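>>> here are the coordinates; sequence isn't available:
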């Protein structure tokens, strides 16, 4: 059986350095860690996690709990996080919460708190107090923390900045009657929603419209019960049936909503971008191959993953529980494609 000493010899480092590198210790230089990981893969080294846990109190496993795994964006984000965890010589356990408080509680209580060294968590219904109790002293890093007063380290998507960028792009395309699909206009001021993904994206839309001298109207914000492509498709049918096209541009809160909306409009004879322009948010891979290809605010999922994993490892290795929670934001960019081509 291949041992740690074999890996160290292959990588031309000491046994201790090989061990630290495989545990993801940030004190090890990136080049050295990559050399050790390559040596471990070449020799098909497999650490005995039970023995490692008994010796160090660490399993080398990171939990990842995401709201949905059957939708493109969360699935692609989870894959990016898993790759980043693996790059540190650790393993990921990825589970779906289904936006269910019962599932969130069960995952934290029975999986991550018992098997994992820490957890990257996408909160839905569970409170900070409940998360603190269920984490059992192990670190949590939240994705898009909706709290007004953060308790845990978090990594945010650029909701406000990205939505403002999307609306500004529609304005640059000549659009003046802009609709927003996926949220009510009051989401940015509602105490329950204003710090959520929905609330921050609505606030970004309102800022861009205000800067352009356009008065936002409640009827231009079209909420949906779920951010689901089929619901957006049905909305497309409804908008196409409305007497007189109400919008010349639409920003959708997610790419999946945008693709569903475009499909629904097309089925009723309304063509994008001929009749109106559409912008999504997320940067899912499917948007590039759709017809028309989708203009989107693309979240840098590798950057998000790197920031989330680095924050968790800092807590695991730093040992400073009194350090205030950090909040970072993943990079994003506007990707212009066919759905906002110049309207004739």
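Alright, I've got the coordinates. Here the structure is a predicted model, which means the values were calculated and not measured.

>>> CA atoms for contacts and neighbours, from now on please.
Noted.

>>> remind me which residues of the stretch 1-150 of the chain are low pLDDT?
Residues of the stretch 1-150 of the chain that meet the criterion pLDDT under 70 lie in 1, 24, 46-57.

>>> Check the stretch 151-300 of the chain too.
Those would be 243-244, if you go by pLDDT under 70 across the stretch 151-300 of the chain.

>>> show me where it has strands.
Taking DSSP state E, counting those that start in this stretch as the test, the strands found in the stretch 151-300 of the chain are 153-156, 178-181, 221-222, 249-252, 277-282, 295-299.

>>> Please compute how far the second one lies from its chain's middle.
So that's strand 178-181. In terms of C-alpha atoms, centre = their mean, to the nearest Å, the centre of strand 178-181 is found 22 Å from the chain centre.

>>> outside of it, which residues touch it?
167, 170, 220-224, 232, 247-253, 257 (C-alpha atoms under 8 Å, 6 or more residues apart in numbering).

>>> likewise the third one?
With C-alpha under 8 Å, 6+ apart as the test, strand 221-222 has contacts from 179-185.

>>> Ramachandran coordinates for the closest residue to residue 226 other than its chain neighbours?
Spatial nearest neighbour of residue 226, chain neighbours left out: residue 182 (8.0 Å); criterion: C-alpha to C-alpha, 6 or more residues apart in numbering. Main-chain dihedrals, residue 182, degrees, to the nearest 10: phi 120, psi -10.

>>> OK, contacts around the closest residue to residue 164 other than its chain neighbours?
Nearest residue to residue 164 in three dimensions, chain neighbours excluded: residue 204, at 4.4 Å (C-alpha to C-alpha, 6+ apart). For residue 204, the contacting residues are 159-164, by C-alpha under 8 Å, 6+ apart.

>>> Next, format the residues you listed as a markdown table and append neighbour count and distance to residue 277.
Shown next, in a markdown table, are the contacts of residue 204 (neighbours: other C-alpha atoms under 10 Å; distance: C-alpha to C-alpha, whole Å):
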| residue | neighbour count | distance to residue 277 |
| --- | --- | --- |
| 159 | 29 | 20 |
| 160 | 21 | 20 |
| 161 | 19 | 20 |
| 162 | 25 | 17 |
| 163 | 29 | 15 |
| 164 | 24 | 16 |
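
>>> State the three-state secondary structure for the residue nearest the centre of the chain.
Most central in the chain under C-alpha atoms, centre = their mean is residue 77, positioned 5.5 Å from the mean C-alpha point. State at residue 77, reduced to three classes by DSSP: H, G, I helix; E, B strand; the rest coil: helix.

>>> hang on, the earlier thing: from the contacts of residue 204, which ones fall inside helices?
The members of these that map onto helices under DSSP state H are 159-164.

>>> Compile those residues into JSON lines and extend it with columns for distance to residue 36.
Output for the ones in helices among the contacts of residue 204, formatted as JSON lines (distance: C-alpha to C-alpha, whole Å):
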{"residue": "159", "distance to residue 36": "38"}
{"residue": "160", "distance to residue 36": "41"}
{"residue": "161", "distance to residue 36": "39"}
{"residue": "162", "distance to residue 36": "39"}
{"residue": "163", "distance to residue 36": "42"}
{"residue": "164", "distance to residue 36": "44"}
